[in-house]
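Novice: Here's my sequence, what's the structure:
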Amino acid sequence: RRLDFRDAIIDIMITGSGKDGEAYRIAMHDEFVAEQRGLNQYRLRDDTTRIDILSNWQHSLRSAKPWIVDVILVSRDENKIRFIVQDIDKFHIGARDVEYAFGTTMIEDFTQPLELFSVEGGKFPMT
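Specialist: Next up is the predicted model:
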């Protein structure tokens, strides 16, 4: 397992996970409510914080109870889980349900990562 933490983002990489169907449980205190936001995305939320939990296509997520999310490993390849922690804006009216640019960008970065391509030893044709 490898854990990376930066700027309210936690990435967990699990390799050689063992058996298919092995589950990792993410449990928060009972003030959080879990809602499914997509096939591989859950959001845990209370009055002050929201935590988006994403997994790559090799996972499935399920909510066992309102404040528990199980991450089911269905592959022995590298499995990735990302947590995005954001404070909820309580000052502005209606801001609780607004998607912040930071969270949206970090979700996009996880689901559609940037790729770097390089060319070695070749010459580009000049026109």
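Novice: Let me see the ranges of the strands in this structure.
Specialist: In the chain, the strands defined using DSSP state E lie at 2-6, 9-14, 23-27, 33-38, 41-45, 49-55, 59-65, 68-73, 79-87.
Novice: who's in contact with the last one?
Specialist: It refers to strand 79-87. Residues from elsewhere that reach strand 79-87, judged by Cβ atoms under 8 Å, 6 or more residues apart in numbering: 8-15, 17, 24, 48-56, 58-59, 71, 73, 100, 102-103, 106-107, 110. All C-beta atoms are positioned from the backbone trio N, CA, C, and that covers glycine.
Novice: That strand versus strand 49-55: what angle between them?
Specialist: For strand 79-87 against strand 49-55, the angle by axes from the mean of the first three to the mean of the last three Cα atoms, to 10 degrees is 170 degrees.
Novice: What are the buried residues along strand 79-87?
Specialist: Neighbour-count burial for strand 79-87 flags Asn79, Lys80, Ile81, Arg82, Phe83, Ile84, Gln86 (criterion: 16 or more other Cβ atoms under 10 Å).
Novice: if we can go back for a sec, looking at the strands of the chain, which is closest to Ile93?
Specialist: strand 79-87 (16.5 Å; Cβ to Cβ).
Novice: Name the strands paired with that closest one and say parallel or antiparallel.
Specialist: strand 9-14 (antiparallel), strand 49-55 (antiparallel) (DSSP bridges).
Novice: For the residue nearest to Leu3 when sequence neighbours are not counted, give me its contacts.
Specialist: Excluding the flanking residues, the one nearest Leu3 by Cβ to Cβ, 6 or more residues apart in numbering is Ile12, at 5.4 Å. If you count contacts by Cβ under 8 Å, 6+ apart, Ile12 has them with Arg1, Arg2, Leu3, Asp4, Lys80, Ile81, Arg82, Phe83.
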